[in-house]
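S.K.: based on what follows, work out the 3D shape:
(chains A and B)
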2 protein chains.
Amino acid sequence: MEDMQQACGKVRNATYKLSLYDTKTKNDILLAIADKILASKKEIKAVNAIDIQNARGKLSEAMIDRLTLTDARIELMAEGVRQVAELDDPVGKVVRQWTVESGLEIKKVRAPLGVIGVIYESRPNVTVDVASLCIKSGNGVILKGGKEAINSNRALFEIIQKAIEELGYDKDIVGFVDNVERSATYEMLQQAKYIDVIIPRGSDNLKKFVLTNSQIPVIASSGGNCHVYVEKTADLAMAKDIVYNAKMQRVSVCNAAEQLLVDRDIAEKFLPDMIDTLQKGGCKVIGDETVCKLCKDVIPAKEEDYKTEREDYILTVKVVKDYKEAIDRINANGTKHSEAIISKDAEAMRVFTTAVDAGCVYTNASTRFTDGFEFGFGAEIGISTQKLHARGPLGLEQLTSEKYVVTGHGEVRK
Amino acid sequence: MEDMQQACGKVRNATYKLSLYDTKTKNDILLAIADKILASKKEIKAVNAIDIQNARGKLSEAMIDRLTLTDARIELMAEGVRQVAELDDPVGKVVRQWTVESGLEIKKVRAPLGVIGVIYESRPNVTVDVASLCIKSGNGVILKGGKEAINSNRALFEIIQKAIEELGYDKDIVGFVDNVERSATYEMLQQAKYIDVIIPRGSDNLKKFVLTNSQIPVIASSGGNCHVYVEKTADLAMAKDIVYNAKMQRVSVCNAAEQLLVDRDIAEKFLPDMIDTLQKGGCKVIGDETVCKLCKDVIPAKEEDYKTEREDYILTVKVVKDYKEAIDRINANGTKHSEAIISKDAEAMRVFTTAVDAGCVYTNASTRFTDGFEFGFGAEIGISTQKLHARGPLGLEQLTSEKYVVTGHGEVRK
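M.R.: Numbering: from 1, shown residues only, chains lettered A, B, ... in the order given. Coordinates of the predicted model:
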């Protein structure tokens, strides 16, 4: 516990200095990190080989592939850091500015969150991605990666610190928990004195552990049980393209569609061809009674199917009475991620986008666009399905808080 | 537990309807509530008399006064509701709007948070204040008041529901937990399925209970250990006015100053007169060694005093080396509420307002201005000292979330 407090305390102290670094300084740091990564390809690959060695026989080939750092992947990692340097610095931006009756001039200004703890399980490049986003947004960061990549993560962390130190800045703006046990995660989640926000990235299991045990506010995604709803006035050719894209373009991601809702007035016209095309593309279809009647080879749906995110070539299909039923079903079963209506009816689209409770609501487009790059934010640290602070893609701006800077001239309260 | 789920579920369902009410509808509801409160003075006072009767001998006279509803206070309550009707409706406001390369038009739009659970201990007027702010911002609300005011709170809740129902709208946009036990609070904090955000208002004890037990995101204030820092270039007459106002104008509130920091270069010139004036005004002064040497009747400070919010006629005073030490002390001991620097040095003020980690940072003004009305927001539901979502006064805008409404024309992801 003392080690953890010390590690986190060091980052906290350095973070107050970081809050005063200007944009150029932060960009200089990022470019130095990118350079050092490129200059350290050999060492990175050597250390990465240990992780791969340790994983042999324990992890699937796909998992080992995710773990592997090649020259090309290391170059991409460095390129990612350079791209973050090119993004707008949100810190210090005046969101709103006004003068009140008392004479005070009030500015609402973007300020860093402070110290962000990021707990992740996936590929080693997350170490670099997350550190660069945090530095650019003026936040200290404490990294805790998964055990599979511990050697690669540690090496990348040391490269980052060395790059910062060589430029003459405080290397402790980035910290690293060099302990892969769950107990260390638990300890980290108790450091409310030193860490302002926790962001978990990884499995549902990890997120649940973090949400249950954290004494620190958490920004998390609950995954995406995303719906595409084809309303009765929809252009059916457009609907078919969008449904196919939302489901099939990349099935393993949280913004892929898991659920299709279709108005009953158009079910007979729309569904047989849609389902047939999906099935020919390799997608299994689960459906309610009507869908089973209208289409071939449909697996009868259970209530649970409407609530399940599969991240696979499986789509659950339900026929609904009208947009009101569609909205009710989405609000009951959705995960507040991304929801789409395909329609030509302005009123249906207005009610849908207003009443559907989700971070991103689409009219006549695929849910697959919920992404920092697609939204023009650049790299993202995740997608939020919470309602407080930020929804949707978490770019640099979402890694900041706001503060009121109030300029007086001796004003006192009467 | 089933009762609680049912009560919360009813509000959840009604809230989706509320999200579609336009501004006029919400204002009509508020005006009807104000009218009904005015028309029910007699009944309110009769029920309030029961609470007062029950409190006799158990609560202090000051507490009983806080509990008591007079004609004038009931009129003020109704007036407060009318004022909320006059405030700008934040819902549906487009925060930002842009078009991305794929052709999608993205709008970032203010949307209600959903269902807000408010747990409070204080005066019965909170029932009405909170309900009106939530209705105006499109949020369903579940009210849970303290046991001292249970009869008054229930009567006010019933008046609110009746007013909504008589207008033909869904009365369940406002709910009420008619159980004053802590166990009911605990149950309420488990209803993450039905409640989106919890706002506790009351003692530290209540807030701690809520933060520890809530499965639902919480917006809370940790109180205000606010500092006024007199930097060496300060106009000392201005500094004296501001310190006196920040400490003395109303001691029982969270934006009152608890701590005074003074640069050592001006300590001898500034402190004796300042402390004398405070003492003559009835304020006890606690101070470090230098303060004890320079001034009369100063109680020697212990480390704990620098971290303590007293909400009383007591001020802790410390002499510091420079603004860097002042900032470090504020970041170590402050509660991220309101912090002020009195100075003429632009660089000192820039560094102070940038590096001090607080919701509201002031230059040359009293900390007492951190308040929804003083900021021009109108009525507030509280002051946030958190860093996620919203900092400072929580007005109508802070009771909303944002969502991305994305308009497509058949776009699919490549």
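S.K.: show me the helices in chain A, by range?
M.R.: For chain A, applying DSSP state H gives helices covering A:2-18, A:23-39, A:41-55, A:61-67, A:71-86, A:125-136, A:150-166, A:182-188, A:204-213, A:236-248, A:264-280, A:289-294, A:323-333, A:346-355.
S.K.: go through those and name the closest to residue A:370.
M.R.: The closest of the helices of chain A to residue A:370 is helix A:236-248. By C-beta to C-beta, the value is 10.5 Å. C-beta here means a position set from N, CA and C on the backbone, and glycine is covered the same way.
S.K.: how far out from the middle of the chain is the closest one?
M.R.: Centroid separation for helix A:236-248 versus its chain: 24 Å, with C-alpha atoms, centre = their mean, to the nearest Å.
S.K.: just checking, what packs against it?
M.R.: With contacts taken as 3 or more C-beta pairs under 8 Å, 6 or more residues apart in numbering or on different chains; DSSP states H and E, helix A:236-248 sits against strand A:226-230, strand A:257-263, helix A:264-280, strand A:338-342, strand A:360-365, strand B:400-411.
S.K.: and those: which comes nearest residue A:136?
M.R.: Nearest to residue A:136, of all the helices and strands packed on helix A:236-248, is strand B:400-411, at 21.8 Å by C-beta to C-beta.
S.K.: for the closest one, packing partners?
M.R.: The contact analysis (3+ C-beta pairs under 8 Å, 6+ apart) places strand B:400-411 against helix A:236-248, strand A:360-365, strand B:105-112.
S.K.: what is the neighbour count of residue A:302?
M.R.: Other residues lying near residue A:302 total 11 when counted by other C-beta atoms under 10 Å in any protein chain shown.
S.K.: returning to what we had before: can you list the helices of chain A in a markdown table and add mean neighbour count?
M.R.: Shown next, in a markdown table, are the helices of chain A (neighbours: other C-beta atoms under 10 Å in any protein chain shown):
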| stretch | mean neighbour count |
| --- | --- |
| helix A:2-18 | 19 |
| helix A:23-39 | 19 |
| helix A:41-55 | 16 |
| helix A:61-67 | 13 |
| helix A:71-86 | 17 |
| helix A:125-136 | 25 |
| helix A:150-166 | 21 |
| helix A:182-188 | 17 |
| helix A:204-213 | 16 |
| helix A:236-248 | 21 |
| helix A:264-280 | 17 |
| helix A:289-294 | 17 |
| helix A:323-333 | 20 |
| helix A:346-355 | 18 |
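S.K.: of all the ones you listed, which one is nearest residue B:279?
M.R.: helix A:2-18 (34.5 Å).
S.K.: distance between that closest one and the chain's centre?
M.R.: Here the centre of helix A:2-18 is set off from its chain's centre by 25 Å, with C-alpha atoms, centre = their mean.
S.K.: pull the residues that contact it.
M.R.: Outside helix A:2-18, the residues within contact range by C-beta atoms under 8 Å, 6 or more residues apart in numbering or on different chains are A:112, A:114-115, A:117, A:135, A:138-142, A:169-177, A:184, A:187-188, A:191, A:193-195, B:327-328, B:331, B:355, B:357.
S.K.: got a PyMOL select line for the buried ones in those?
M.R.: In PyMOL, this line selects whichever of the contacts of helix A:2-18 come out buried by 16 or more other C-beta atoms under 10 Å in any protein chain shown:
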select buried, (chain A and resi 112+114+115+117+135+138+139+140+141+142+169+170+171+172+173+174+175+176+177+184+187+188+191+194+195) or (chain B and resi 327+331+355+357)
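S.K.: coming back round to it: out of the helices and strands packed on strand B:400-411, which is closest to residue A:339?
M.R.: Comparison of the helices and strands packed on strand B:400-411 against residue A:339 by C-beta to C-beta identifies strand A:360-365 as nearest, at 5.4 Å.
S.K.: what about the nearest residue to residue A:218 once chain neighbours are set aside, neighbour count?
M.R.: Excluding the flanking residues, the one nearest residue A:218 by C-beta to C-beta, 6 or more residues apart in numbering or on different chains is residue A:198, at 4.8 Å. Residue A:198: 27 surrounding residues under other C-beta under 10 Å.
S.K.: my read: residue A:198 touches residue A:213, true?
M.R.: No. Under the criterion of C-beta atoms under 8 Å, residue A:198 is not in contact with residue A:213, lying 9.9 Å apart.
S.K.: quickly list what's touching both of those two.
M.R.: Contact with both residue A:198 and residue A:213 is made by residues residue A:189, according to C-beta under 8 Å, 6+ apart.
S.K.: residues of the stretch 1-150 of chain A that sit close to chain B?
M.R.: Within the stretch 1-150 of chain A, the residues that sit near chain B (C-beta under 8 Å from any C-beta of the partner chain) are A:16, A:19-20, A:92, A:98, A:100-102, A:104, A:106, A:111, A:113-114.
S.K.: for those residues, give me TSV that also has distance to residue A:389 and pLDDT.
M.R.: Shown next, in TSV, are those (distance: C-beta to C-beta, whole Å; pLDDT from 0 to 100):
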residue	distance to residue A:389	pLDDT
A:16	22	89
A:19	19	93
A:20	24	94
A:92	19	96
A:98	23	97
A:100	26	96
A:101	30	94
A:102	30	96
A:104	26	98
A:106	21	98
A:111	14	97
A:113	9	96
A:114	13	96
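S.K.: circling back to that earlier point, including distance to residue A:76, could the helices and strands packed on strand B:400-411 go into TSV?
M.R.: Conversion of these to TSV gives the following (distance: least, C-beta to C-beta, whole Å):
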stretch	distance to residue A:76
helix A:236-248	25
strand A:360-365	27
strand B:105-112	27
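S.K.: nearest to residue A:164, out of the helices and strands packed on helix A:236-248?
M.R.: Closest among the helices and strands packed on helix A:236-248, using C-beta to C-beta: strand B:400-411, at 33.6 Å.
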